[in-house]
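>>> Quick check, what structure comes out for this input:
(2 chains)
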Amino acid sequence: GAGVSQSPRYKVAKRGQDVALRCDPISGHVSLFWYQQALGQGPEFLTYFQNEAQLDKSGLPSDRFFAERPEGSVSTLKIQRTQQEDSAVYLCASSLNRAFGPFFGQGTRLTVV
Amino acid sequence: EDKVVQSPLSLVVHEGDTVTLNCSYEVTNFRSLLWYKQEKKAPTFLFMLTSSGIEKKSGRLSSILDKKELFSILNITATQTGDSAIYLCAVQNDYKLSFGAGTTVTVRA
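Residues are numbered from 1 along each chain as shown, chains lettered A, B, ... in the order given. Have a look, this model is predicted:
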C-alpha cells in the first residue's frame, strides 16, 4: 500500500485479556518503530526494528509487552494481561532507513476496561 | 535523557492570522529535528531539519532550526480552519524520535 497500515483501528479489551496489534509498513522500508501515545501527550518510543532484528526494545514498559517482525515486513505488538494503564494509541512508523524521518500509520486506539 | 519542550501548549487564532510555534530541545547525538501535524489520525510529516539557519518552506508553512541555541520554530501564515491540529516537534537521536507534548492550534472562521 501507499502508507503505513495498522489494524485494528480500535480495540476494547477487558482487563487481563491479551491483545495483538498489527502493522504493515511501507513496502521496502527497512526501519520500523512502535510508539505509544497517551491522551494529551506526544508519542513515546517503545521499540525499533531494522529488518527482522529488534535492535532496541528499551521503551517497552514491562515484560507484558512483546513485539516481533519475523520476516522483516509486517510487525505485531502483543500486550499480555492488559491493564488499564495500557490504554493509549499505539502508533507504528516506518522509514527507508534510520537516517530518514519515519512515516506514521493511523494508529490503534486501545481501551482497557 | 533527551528532552523536547514545545510552547505554547495551545492557542486560538482567527483565519488569516500568522502563528509561530516553538520547540526547544536537549539531545545527545542530534541527527535531525522533525515537525509533524496530527489531526484525528496519524502524525503527518511536515519538515525534517538538519542544518542551522536554512529555512524550509511548504506552501504557507515554514520552519527553521538553530542548533546553537537548540530550538526550532514553525510558522503558519494566512491560517485556515484546516490548519487546526496538534503540531508535534520531535528530535531524532540516531534512529529514535523524542517528541514534545505538542501545540494545539485552533483556527476559528
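
>>> Can you tell me which residue of chain A sits closest to chain B?
For chain A, the residue closest to chain B is A:G42, as judged by Cβ to the nearest Cβ, at 3.1 Å. Any C-beta I mention is one placed from the backbone N, CA and C, and that applies to glycine too.

>>> is stretch B:64-84 up against chain A anywhere?
No - figure legend: stretch B:64-84 not in contact with chain A (Cβ under 8 Å from any Cβ of the partner chain); closest approach 13.4 Å.

>>> and the closest residue to chain A within chain B, how many neighbours?
Residue nearest to chain A within chain B: B:F99 (3.1 Å; Cβ to the nearest Cβ). B:F99: 22 surrounding residues under other Cβ atoms under 10 Å in any protein chain shown.

>>> which residue sits closest to the residue nearest the centre of chain A, ignoring its sequence neighbours?
Centroid-nearest residue in chain A: A:W34, 3.5 Å away (criterion: Cα atoms, centre = their mean). Residue nearest to A:W34 in three dimensions, not counting chain neighbours: A:L46, with 4.2 Å by Cβ to Cβ, 6 or more residues apart in numbering or on different chains.

>>> ok now do the one you found, which residues does it touch?
Applying Cβ atoms under 8 Å, 6 or more residues apart in numbering or on different chains to A:L46 gives the contacts A:33-36, A:57, A:59-61, A:65, A:67, A:77, A:90.

>>> Now the buried members of those residues.
Among the contacts of A:L46, those scoring as buried are A:33-36, A:59-60, A:65, A:67, A:77, A:90 (criterion: 16 or more other Cβ atoms under 10 Å in any protein chain shown).
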